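Student: I would like to see how this sequence folds:
(2 chains)
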Amino acid sequence: MLDIRLIREKPEFVRERLGTRGVELVEQVDKILEIDSERRRLETELQRLKADRNKLSKQIGMLRSKKESSAEAEAQVRAIAEEIAGLSQAVAATDETQKNLLLCIPNLPHANATIGADASANPVVRIWGEKPTFSYQPLDHVDLGARLGLFDLERAAKISGSGFVCFTNLGARLQRALIQFLLDLHTIQHGYVEVWPPHLVRRECMVGTGQLPKFEEDAYGLEQGQTFLIPTAEVPLTNLHREETLSYKELPKYFVAHTPCFRREAGSAGRDTRGIIRIHQFDKVELVKIATPEASYEELEKLTADAEKVLQMLGLHYRVIELCTGDLGFSMAKTYDLEVWAPGQDRYLEVSSCSNAEDFQARRMGLKFKDADGKNRFCHTLNGSGTALARLYVALVETYQQSDGSVSIPQPLRDYVRVKEIRSP
RNA sequence: GGUGAGGUGGCUGAGCGGUCGAAAGCGGCGCUUUGCUAAAGCGUUGUACCUCAAAAGGGUACCGAGGGUUCGAAUCCCUCCCUCACCGCCA
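Tutor: Numbers count the residues shown, from 1 in each chain, chains lettered A, B, ... in the order given. Modelled structure (predicted):
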């Protein structure tokens, strides 16, 4: 959520920044400003009436204690009370309207973000490693998985519908090994605190991180839309300290969690239908940081490096791209995507998105900290996948396939998988 | 799911429907005293919002949340949420 005072005081700046995401947002600013001044006008009037009422009520108390008549004052207050009732409704309604509008306005892109309309304008920041070469046509993970019995898409579809996967045998163990490897890396080497959060969260949490109210059709909701299956561990982790005021001394906080992620993929029907690249339930190891505004961009670089370390250790070729203003997620001011090379797909797959939301999420969830001067300020929140499992899985088996149809296991995973390679049974 | 108890400021903990944003204690901050530490004394100490060009000042709201009764609610009534205890059920 943007600071209404910023919009009020620097509307031109806000229009300009929002405009880099898309022009249709600019008019939202005018709408907000209009409602804001109306809201304040009504609120001031309401408060004046309440002050009168409070004054008179006190007088009544004093008159009564002196056993004098208070009938006249009581009649006055009764009249004021009616006005108050009417005005309060108007104030509440205007307030609600303003809040809903504000909740649907995306974050301002960072000042030096690359300006562009869509993903085609995203600059490549760096490239690590090289595309592996094969003396034969590399298979994709679906064929490899079928040969090696790693997962069963048909039966997953039978029990849950299309867009689900059922890992089996060593395929399931490989998934478990990856999770273990990732959690160990981020806790032991990178200093994140391991968390195993609930996978069902209240509506407020989804509003807090920005999935709601605007993107409800993407989420799986339960209990009359009051609780939701998490689309990412970013939601429970970032909301851990919602409505709290932390001390600057305890920042930054680092959290890592492995959870399943549930997504309807409402807007992506028909895309990436083959295999496990886009499925309704996938596992992910997520990194979340709560930081001071002063440190957040440095923390973003470190967080991105922590995620990259995964791909480096597994020896997977990848590139880092920066999202341009038109491609930036709703809540984010700056984002780096990590894209890993998948030889069987002959393309890069997004396995991590590392972002700084600045105070956008913190303002929505009331997450503050007391700074060294004792002032309360909003924290900055960051998150990044470290990494998504299903696509990492795809890149891994496609990269490490061998000419005989087996898949070798890279060194860092061997202690977890307990085999050097996976052969057909 | 049932029964009972309870949710008050940073913490502990009072609070007959009227001057209660809330006693008292602890903690925090400041000053004084003091050779240092300690102790004591005095003062101060919540958040959000509105108003004001700004500061000062003024105002509104907040005692788990939301409604209601009343001229007036921390205090009375209703609903919900959460915590604790016990019972039932259960992996």
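Student: What does the residue of the stretch 201-350 of chain A found nearest RNA strand B show for phi and psi?
Tutor: For the stretch 201-350 of chain A, the residue closest to RNA strand B is residue A:245, as judged by C-beta to the nearest atom of the strand, at 7.8 Å. C-beta here means a position set from N, CA and C on the backbone, and glycine is covered the same way. Listed backbone geometry of residue A:245 is phi -120, psi 110, with angles given as degrees, to the nearest 10.
Student: quick one, strands of the stretch 1-150 of chain A?
Tutor: For the stretch 1-150 of chain A, the strands identified by DSSP state E, counting those that start in this stretch occupy A:124-128, in order along the chain.
Student: Hmm, residue A:130 is touching residue A:317, no?
Tutor: Yes: with the criterion set as C-beta atoms under 8 Å, residue A:130 and residue A:317 qualify as a contacting pair; they are 5.7 Å apart.
Student: More neighbours: the two, which one.
Tutor: Summary of the neighbour comparison: residue A:130 and residue A:317, criterion other C-beta atoms under 10 Å, with residue A:317 having more neighbours (19 against 8).
Student: Report the contact partners of the more buried one.
Tutor: For residue A:317, the residues meeting the contact criterion (C-beta atoms under 8 Å, 6 or more residues apart in numbering) are A:127-132, A:340-341, A:399.
Student: and the longest helix along chain A, average pLDDT?
Tutor: In chain A, ranked by residue count with DSSP state H as the criterion, the top helix is helix A:26-65. The pLDDT scores in helix A:26-65 average 90.
Student: Where in chain A is the helix or strand with the lowest mean pLDDT?
Tutor: Across the helices and strands of chain A, mean confidence by mean pLDDT, DSSP states H and E is lowest for strand A:221-222: a mean of 84.
Student: ok, and the most crowded of the contacts of residue A:317?
Tutor: The member of these surrounded by the most neighbours (other C-beta under 10 Å) is residue A:340, with 27 neighbours in all.
Student: Pick out the residue of the stretch 251-400 of chain A closest to RNA strand B.
Tutor: Here the residue of the stretch 251-400 of chain A nearest RNA strand B is residue A:376; by C-beta to the nearest atom of the strand that distance is 4.7 Å.
Student: Quick check on that residue: phi, psi?
Tutor: Here is the backbone geometry of residue A:376 (degrees, to the nearest 10): phi -80, psi 130.
Student: Once you drop chain neighbours, what's closest to it?
Tutor: Take residue A:376 and drop its neighbours on the chain: the residue closest to it by C-beta to C-beta, 6 or more residues apart in numbering is residue A:368, 5.0 Å away.
Student: For that neighbour, grab the count of nearby residues.
Tutor: Using other C-beta under 10 Å, the number of residues around residue A:368 comes to 19.
Student: swap in residue A:28?
Tutor: Residue neighbour count, defined by other C-beta under 10 Å, stands at 18 for residue A:28.
Student: OK, contacts around it?
Tutor: Remark: with contacts taken as C-beta under 8 Å, 6+ apart, residue A:28 is in contact with A:18, A:101, A:104-105.
Student: shouldn't residue A:306 be in contact with residue A:190?
Tutor: Yes: under the criterion of C-beta under 8 Å, residue A:306 is in contact with residue A:190, at a separation of 4.7 Å.
Student: If you count surrounding residues, which of those two has more?
Tutor: Between residue A:306 and residue A:190, counted using other C-beta under 10 Å, the more crowded position is residue A:306 (23 against 17).
Student: Just the buried positions in the helix or strand harbouring that one, please.
Tutor: If you go by DSSP states H and E, residue A:306 is part of helix A:296-313. In terms of neighbour count (16 or more other C-beta atoms under 10 Å), helix A:296-313 has its buried residues at A:296-297, A:299-300, A:302-304, A:306-308, A:310-311, A:313.
Student: Direction included, what does the helix or strand following that helix pair up with?
Tutor: Later in the chain than helix A:296-313, the nearest helix or strand by DSSP H and E is strand A:318-322. For strand A:318-322, the paired strands and their directions (DSSP bridges) are strand A:124-128 (antiparallel), strand A:334-342 (antiparallel).
Student: ok, the residue of the stretch 251-400 of chain A closest to RNA strand B - contacts?
Tutor: For residue A:376, the set of contacting residues under the criterion of C-beta under 8 Å, 6+ apart consists of A:245, A:368-370.
Student: re earlier: can you go through the contacts of residue A:28 and name the buried ones?
Tutor: Neighbour counting over the contacts of residue A:28 (16+ other C-beta under 10 Å) leaves A:18, A:105 as the buried ones.
Student: coming back round to it: export the strands paired with strand A:318-322 to TSV and append columns for distance to RNA strand B and mean pLDDT.
Tutor: Shown next, in TSV, are those (distance: least, C-beta to the nearest atom of the strand, whole Å; pLDDT from 0 to 100):
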stretch	distance to RNA strand B	mean pLDDT
strand A:124-128	36	97
strand A:334-342	25	97
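Student: Name the residues of chain A found near RNA strand B, please.
Tutor: For chain A, the residues found near RNA strand B under the criterion C-beta under 7 Å from any atom of the strand are A:4, A:40, A:43-44, A:46-48, A:50-51, A:53-58, A:60-62, A:64-65, A:74, A:77-78, A:81, A:376.
Student: For the buried ones among those, write the corresponding ChimeraX selection.
Tutor: Entered in ChimeraX, the line below selects the buried ones among the residues of chain A next to RNA strand B, by 16+ other C-beta under 10 Å:
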select /A:4,43,46,53,56,57,60,74,77
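Student: ok so, going back, so what pairs up with the residue of the stretch 251-400 of chain A closest to RNA strand B in the strands?
Tutor: Beta-bridge partners for residue A:376, by DSSP bridges, are residue A:370.
Student: Then the one 5 residues further on?
Tutor: Beta-bridge partners of residue A:381, counted by DSSP bridges, are residue A:290, residue A:358.
Student: State the pLDDT value of it.
Tutor: In this model, residue A:381 is scored at 96, pLDDT.
Student: same thing with the one 5 residues further on?
Tutor: You'll see residue A:386 listed with a pLDDT of 89.
Student: For the helix or strand harbouring it, enumerate the helices and strands it packs against.
Tutor: Following DSSP H and E, the helix or strand that holds residue A:386 is strand A:380-388. With contacts taken as 3 or more C-beta pairs under 8 Å, 6 or more residues apart in numbering; DSSP states H and E, strand A:380-388 sits against helix A:234-238, strand A:281-291, helix A:296-313, strand A:334-342, strand A:347-358, helix A:360-365.
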